[in-house]
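Got a sequence here, can you build the structure:
(one chain, ligands or ions: 1)
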Amino acid sequence: MTPLLVRTQAYVNGTWCHESSGRTFAVHSPATGEQIGVVPDLTTDETRVAIEAAHAAWPAWRALTAKERAAVLRRWFELIVTHRDELARIMSQESGKVISESLGEVGYGASFVEWFAEEGKRAYGDVIPAHTRDRRLVVIKQGVGVVAAITPWNFPLAMITRKVAPALAAGCPVVIKPAAETPLTALALATLAEAAGFPAGVYNTITTTQSAEVGAELCAHPLVRKLSFTGSTTVGRQLMAQCAPTLKKLSLELGGNAPFIVFDDADVDAAVRGAVQAKYRHNGQTCVCVNRILVQRSIHDRFVARFVEAVAALRTGDSLDPEAQVGPLVSERALDKVQAFVKDAVAKGAQVQLGGTHRRGLFYDATVITGATSNMRIACEEVFGPVAPVFVFDTEDEAVSMANDTEYGLAAYFYSRDVGRCWRVAEALEFGMVGINEGLISTELAPFGGMKQSGLEREGSRYGLEAYLETRYLCFGGL
Ligand code: SIN
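Numbering: from 1, shown residues only. You can find the predicted model right below:
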């Protein structure tokens, strides 16, 4: 491990600290099982200290000009980019993400810091023509206050920066609780944030295994004004309920069940490339990964043959192997889920065309199954693993209705060369993000987020800044 960025302490109020009685927890590599670090197991006590420190730091941080805050964010961005290799290595070791993707994630994560450093300068208000001669109506935008960010293991860096960069740019201090699986990347980011010059209390990172207790504290504490969470819909619902008594603002980026539709007028080779990208990114462990592939009957066999060939060519390997395209799953629980989904599908009539095998440790073969139907678990629940089920449809209406037949509405993809169909289907799909002849759609420039039970608010882009701003109306009278 890289000594410079590997920390054994958490970061609260500008100091590196332990849990008061010295409790720690170990971090393990999903690829090798080896222990790669030990960090403090903080409790609700330290969480309260972090929240109060953030609140105390708020007046001075929000009093800076947007340009002054942007200068600190810009330094943080540059430090992240400079330490790209070390950050990617830490990330791969603790999350299992293959190194080529971790390098990509550092760039992706850094892009949010760069973007919001600039966008913070454009938190424009408004002047409204008044309804009487002696008044002036003005709208101003101000940061919401202390922001709590609860982030997942699958994007240990980018999900932090996508939340905290807009918050910090808007003048809000942050308290981050990274996933227990991936605290080391979060602490490495905190090291760089400290070096960039965020004042004490503005940037805090709480490492813990007590996710439920610490999460409850972040939701209940009246000084926290906004919670931003990425994770499962089940946990999102619980956090939302816990935030209700203090009526916190919420950004929730929750589960998905992404359909990938291939129409008979599609460029099949392009669709195969898109499906491989959208399915096997981080071994199927992203919220926007394809969960269901829907193929029009007349091209089903042609698509499946080429798709199986492309998936079979993916190279599985340890997370630090520069050639590896598919790594391990994150945990035994994830492995059990993937195996249970395949077993359920086969029991209900699906055929395994490729894979379906648990190799060693947390490695499960990239898998393609055909004959998938709506009564299978994989049709309704997020598999979060390397299994691609192929369904058949006959008409455009049927495809759209199959795609929308889910409580989720995060991402959807489809391939067609008919421009009319592209508009019709894009508008009919009930998903926050739609890739049209495109399998990789994430960028800091566009709003990321879901409809239905996939969440609230958007991250990235100008909409992602808005989520950390209060809209305030000032009425100047007696003029
Ligand atoms: C996620 O899986 O939550 C994020 C995926 C992305 O940003 O592309």
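
how about the residue in the stretch 351-479 of the chain positioned nearest to the ligand, secondary structure?
Proximity of the stretch 351-479 of the chain to the ligand (Cβ to the nearest ligand atom) peaks at residue 442, 3.2 Å away. Glycine gets a C-beta too; all of them are placed from N, C-alpha and C. Under DSSP: H, G, I helix; E, B strand; the rest coil, the three-state class of residue 442 is coil.

That one and residue 289 touch, don't they?
No. The pair residue 442 / residue 289 is not scored as a contact, 11.2 Å apart, by Cβ atoms under 8 Å.

Give the full set of residues in contact with the residue of the stretch 351-479 of the chain closest to the ligand.
108, 288, 448, 460 (Cβ atoms under 8 Å, 6 or more residues apart in numbering).

Please apply the same query to residue 66.
Here residue 66 is in contact with 120, 121, 123, 169, 171 (Cβ under 8 Å, 6+ apart).

same question, residue 321
By Cβ under 8 Å, 6+ apart, the neighbours of residue 321 are 98, 99.

Check which helix or strand it maps to.
Counting by DSSP states H and E, there is no helix or strand that carries residue 321.

per-residue pLDDT, it?
Looking at residue 321, its pLDDT stands at 96.

Residue 313 and residue 282, how far apart?
Between residue 313 and residue 282 the distance is 18 Å, computed by Cβ to Cβ, to the nearest Å.

what do you get for residue 429?
For residue 429 relative to residue 282 (Cβ to Cβ), the value is 23 Å.

got the domain boundaries for this protein?
10-254+454-476, 258-443 (automatic domain parsing).

out of those, which comes closest to residue 4?
Each of those has some distance to residue 4 by Cβ to Cβ; the shortest is domain 10-254+454-476, at 6.6 Å.

Would that closest one count as contacting the ligand?
Yes. Using Cβ under 6 Å from any ligand atom, domain 10-254+454-476 reaches the ligand at 154, 155, 230, 253.

Restricted to strands, list those residues.
Among the residues of domain 10-254+454-476 next to the ligand, the members found in strands (DSSP state E) are 230, 253.

which residues does the residue in the stretch 1-150 of the chain positioned nearest to the ligand contact?
Nearest to the ligand in the stretch 1-150 of the chain, going by Cβ to the nearest ligand atom, is residue 108, at a distance of 7.2 Å. By Cβ under 8 Å, 6+ apart, the residues touching residue 108 are 158, 442, 444.

could those residues be laid out in TSV, adding pLDDT and distance to residue 436?
Formatted as TSV, the contacts of residue 108 follow (pLDDT from 0 to 100; distance: Cβ to Cβ, whole Å):
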residue	pLDDT	distance to residue 436
158	98	24
442	97	15
444	98	20
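
Please report the distance of residue 305 from residue 351.
Taking Cβ to Cβ, one finds residue 305 at 14 Å from residue 351.

same check, this time on residue 369
6 Å.

Compare those two and say which one has the larger neighbour count.
The neighbour comparison of residue 369 against residue 351 (other Cβ atoms under 10 Å) goes to residue 369, with 23 against 13.

So what are the sheet partners of the host helix or strand of that one and their directions?
In this assignment (DSSP H and E), residue 369 forms part of strand 367-370. According to DSSP bridges, strand 367-370 forms sheet pairs with strand 351-354 (antiparallel), strand 387-393 (parallel).

Can you tell me what sits against the longest one?
Contacts with strand 387-393, where a contact means Cβ under 8 Å, 6+ apart, come from 261, 275, 279, 284, 290-297, 300, 303-304, 307, 311, 338, 341-342, 345, 350, 355, 367-374, 376, 378-379, 399, 402.

tell me the mean pLDDT over that strand?
Strand 387-393 comes out at a mean pLDDT of 98.

Let's verify residue 8: helix, strand, or coil?
Strictly by three-state DSSP, residue 8 counts as coil.

Now do the phi/psi pair for it.
The phi/psi pair for residue 8 (degrees, to the nearest 10) reads phi -120, psi 10.

Check it and give its pLDDT.
At residue 8, pLDDT is 90.

ok, now which ones touch it?
24, 37, 38, 39, 40.

quick one: which helix or strand includes the residue positioned nearest the centre of the chain?
Taking Cα atoms, centre = their mean as the criterion, residue 159 is the residue nearest the geometric centre of the chain, at 4.8 Å. For residue 159, the host element (DSSP H and E) is helix 158-169.

Lovely, talk soon.
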